[in-house]
Structure formats: C-alpha cells, structure tokens
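J.: the following comprises the amino acid sequence and a computationally predicted model.
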Amino acid sequence: MKRSNYLFSNRQLYQLLWPLIVEQLLNVLVGMVDVVMVASLGEAAVSGVSLVDSLNQLVIQFLAALTAGGTVVCAQFIGMKNGKMANRSAGQLFTITLGGSAVVTAIFLLSGRHLLSLIFGRVEADVMSNAYTYYLITTLSFPFLAIYNSGAALFRSTGNSRVSMNVSLFMNGLNIVGNAICIFGLHMDVSGVAIPTLISRMAAAVLIFFLLQKPGNEIRIHHVSDLRPDGRMIHRILSIGIPGGVENGMFQFGKLTLQSLVSTLGTPSIAGYAVACNLVMFLYLPGNALGLGMTTIVGQCVGAQEVEQARYYVKKLLVINYAMLAVLTVVLGAGRGLWVNIYNLSGEASRIAARMTLDHCFAMLVWPFAFLLPNALRAANDAKFTMIVAIFSMWAFRVGCAYLFIVGFQHGVEYVWYAMFIDWIFRMIVFLWRFRGFSKHVEGLHLT
C-alpha cells in the first residue's frame, strides 16, 4: 500500500499523539504535586487522600469508558464520512455521561461516612477524618468532569487532540495554583487540595463545551434537541461504553479491594504504597496517551473498512510505546531514591516505596500488550471480550494472589504488585491471541 493512501500520515500521527502525551503528563504531574503538597500536612493526610483517590478512580474510569464508547462511535462515523451521525452521537454522549455522573454524585453524597467506613473501616481515626473531608468536596466535581471528558473525547475522535491538551493545561494549572494558595498561603487542611480540584474541573467543563460549539468544528452540538435521548444511538455507544465501564469499574473496584488490604498493614505501608503508585504513573503515561490515540486511529480505520491499516497502526503504536518505556524505566528506576525523597516519608515508608518502584520498572516489559493492545479490540467493537478477560484476570490473579500472598503467607505490601504482574502476563497472552483474528472480526462487522 502506498503511503499516500494511508488514513494517517506520520505528521498526522504526530499531531494527534504529542498533545495526548502532554495531557497525560499534566495529569500525572498534578497528581504528584497534590501528594507532595498534602505530604506537608503529614502521613495521615497522604494516606487519607490516597484512599479516597482510589475510590474516586472507580467513578473516573467508568466515565472514561463511557466517553471512550462515544469516541469509537464518532471515529467510526468520521471514517465513513457521515458527519450527521457523528454529530448525533456527540449529543448522546453528553446525555449519557451527564446523567450517569449525576446519579453517582447523589449516591456518594448520600452514603457519606458509611461508604468510607465500609471500605476503609480499620484505618486510624486521623486518616479517616482527612479522607472524609477530601471525599465530600471531590464528589461534587464528577458532573463537571463528565462534561470535560465528553468534550475532550469528541475533539480526539476527529484527530484534534490539541484542544483537549490546552484545556487540560488550563485546568491543571489552575489546580496547582489553587493548591499552593490554599495549603501554603491559607494553611488549610486536605480541603486545600480538594477545593481547587472542584473549581478547576468546573472551569474546564465550561471552557471545553464553549470551544466545542465554535462554527467550523467537525463535530459540535447544533441544537438542544441533539441532547434528547436517541435509543438506537445510545445503545450503540453503550454497547462499547458499558463493557468498558464494567471492565474499568471492576478494575478499580479490585484495586480498591487491594487498597483495603494494604490499609491493614499500617501507615508506613499505606504511605509507601501510595507514593510508589504515584511515581509509577509516569510509566503508564505514554501507553495511556497512545491508547487514546489508538481508539481514534483504529476507529476511523474500521469505519473506512481499512483493516490492514488498522493492524499496521496498532503495531506502530506498540513500538512507540516500548521506545518511550525504555527511557522512562531507566530514569525512574535508577533515580528511585531521589524521587522517593521528594515526599518526605519516614525511613520505612521510603524503603518500601523505592523497592516497589524498581520492581514495577522491570514489570513494564509486559504492560503494553496487556493494556495498550486491548484499545484496538475495543475500537473494533470487541469490548465485551476485553471486559470478560479483564474481570476474570483481575479477580483470579491480581486480587486472589494478593490475598494468598499477604493473608495466607503473611508477606509484605510489595506482594500486592507481584500478584498484579501475574495478572498482566495472563492478559498479554490472551489479547495477543485475540489480535491474531482481528482482520476477520472487523470484516464481519455491520457498522451502518
């Protein structure tokens, strides 16, 4: 195939991918800044915020899966050159995510301390107090986060990831400045991290919706009627979004279960585990960004029925991911002591964080096949298969082996990650096998 016939030139790939990488980097940096600033309030504050963040991720990942379903559908319609249906799917995406986030927010606010006590009931009193304050404020931001994620997903589906990057830059910059003012200027407690998060997400939601409505956009909401529920389109989006949402939800619930297990091991283990999790987010950064790009690229290829191009781009993105990981793992692993010291932990917590960070660097050899590759399957409407594999692997290996290692064999917190690595290996094997039949699966789809 001649390069001129490719749907995405190297230049177009670059223009799509580099803003996604920057956006993911911003998200990780803000997460690190949050933890560093909260660390100035003590290990109880770090632990409380970490526990609630693990719960919030359950919601955030569910919303991300729904928006991913919208991205796939929009990208497929763009690949088919059907702008009218792409716009209709955009309106339905907002309807779905806003409705879902409103329900979740109401449930979280009503459940309050009962939910936190149910999940983290054994933690120390000062940890729980910090967790509850952070929980209440960040819960209010879910509907605004839903709007931002939906708008960002729609821009990405057209290949215009620069807009979502710019809005993310604005949102995260506002968050960091707010953190600094509230914690170091006003000497607030953990609410000094939560309130800027709420305000920045509100501002980002307003901004991205405004930008989406600009004339000339490939996708936009033309009328309020576009938001009126359309059963057929909702079904199409949810057929991809719901399996992804269940997968992400169960994935985060499994991580939450493990966080609950970690919470029984004492404050040094909780803090060390939290910092290690925060540091290794840099390793996921390129893969998460490339996964967003892969959804758009493969979705458009599938819509255009260009199966071999889809396979070509999947392999190319995997190679790019490994090239980036080669650099990141060396920098993080070799300098792990320096990076951990930034958080001002106790000696025991620091040793735990450094050891877990190094282990994780070696294990990233498996990650792209386990977590980047499935994005190609989802973009080809194979989300149900990835959901089944992910849920089984999560509970059979990551959770099951973690409880076996820690409760059964009385090992330390690092064995939570050894169980996770077993989960990754299983996913890699199954998803590579599934990708072998990718061409036949796409050729059998009926997308009109």
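T.: Okay, I see it.
J.: in stretch 387-397, what counts as buried?
T.: Within stretch 387-397, the residues that count as buried by 16 or more other Cβ atoms under 10 Å are 387, 389, 390, 391, 393, 394, 395, 397. For every residue, glycine as well, the C-beta is placed using N, CA and C.
J.: among those, which are in strands?
T.: Among these, DSSP state E puts none in strands.
J.: name the nearest of the residues you listed relative to residue 274.
T.: Closest to residue 274 out of the buried residues of stretch 387-397 is residue 394 (20.4 Å), distances taken as Cβ to Cβ.
J.: quick check: the closest one touching residue 251?
T.: Yes. With contact defined as Cβ atoms under 8 Å, residue 394 reaches residue 251; the gap is 5.7 Å.
J.: what's the weakest-modelled helix or strand in the protein?
T.: helix 438-443 (a mean of 73; mean pLDDT, DSSP states H and E).
J.: same for it, what does it pack against?
T.: Packing partners of helix 438-443 (3 or more Cβ pairs under 8 Å, 6 or more residues apart in numbering; DSSP states H and E): helix 307-334.
J.: mind listing what's buried along whichever helix or strand comes after the helix it packs on?
T.: For helix 307-334, the following helix or strand on the C-terminal side (DSSP states H and E) is helix 336-341. The neighbour-count check on helix 336-341 (16+ other Cβ under 10 Å) flags 336, 339, 340 as buried.
J.: restrict helix 336-341 to CA atoms and write it as CSV.
T.: C-alpha atoms of helix 336-341 as CSV (Å, rounded to 0.1, in the frame of the first residue of the first chain):
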residue,chain,number,x,y,z
ARG,A,336,14.2,5.9,42.6
GLY,A,337,15.9,7.1,45.8
LEU,A,338,15.9,10.7,44.7
TRP,A,339,12.3,10.6,43.6
VAL,A,340,11.0,9.0,46.7
ASN,A,341,12.8,11.5,48.9
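J.: do you know how far residue 356 is from residue 251?
T.: Distance check for residue 356 against residue 251: by Cβ to Cβ, to the nearest Å, it reads 19 Å.
J.: and what of residue 235?
T.: As for residue 235, its distance to residue 251 is 24 Å (criterion: Cβ to Cβ).
J.: which of those two has more neighbours?
T.: The neighbour comparison of residue 235 against residue 251 (other Cβ atoms under 10 Å) goes to residue 251, with 23 against 11.
J.: check contacts around the more buried one.
T.: 61, 390, 391, 394 (Cβ atoms under 8 Å, 6 or more residues apart in numbering).
J.: let's go with 7 Å and repeat that
T.: The contact partners of residue 251, taken as Cβ atoms under 7 Å, 6 or more residues apart in numbering, are 61, 390, 394.
J.: for stretch 177-188, which positions count as buried?
T.: By neighbour count on 16+ other Cβ under 10 Å, the buried set for stretch 177-188 is 178, 179, 182, 183, 188.
J.: quick check: closest non-adjacent residue to the third one.
T.: Leaving aside its sequence neighbours, residue 182 sits nearest to residue 192 (Cβ to Cβ, 6 or more residues apart in numbering; 3.2 Å).
J.: please identify the helix or strand for the one you found.
T.: Here residue 192 sits within helix 191-212, counting by DSSP H and E.
J.: name the next helix or strand downstream of that helix, please.
T.: helix 231-262.
J.: what mean pLDDT does the helix or strand harbouring residue 418 have?
T.: Element membership of residue 418 [criterion: DSSP H and E] is helix 414-435. Across helix 414-435, pLDDT averages out at 94.
J.: what of stretch 250-266?
T.: Mean pLDDT, computed over stretch 250-266, is 81.
J.: what residues of it count as buried?
T.: Buried residues in stretch 250-266, counted by 16+ other Cβ under 10 Å: 250-263, 265.
J.: okay, and for the stretch 151-300 of the chain, where does confidence drop off?
T.: Counting by pLDDT under 70, the stretch 151-300 of the chain contains low-confidence ranges at 225.
J.: can we see that at 50?
T.: Within the stretch 151-300 of the chain, not a single segment meets pLDDT under 50.
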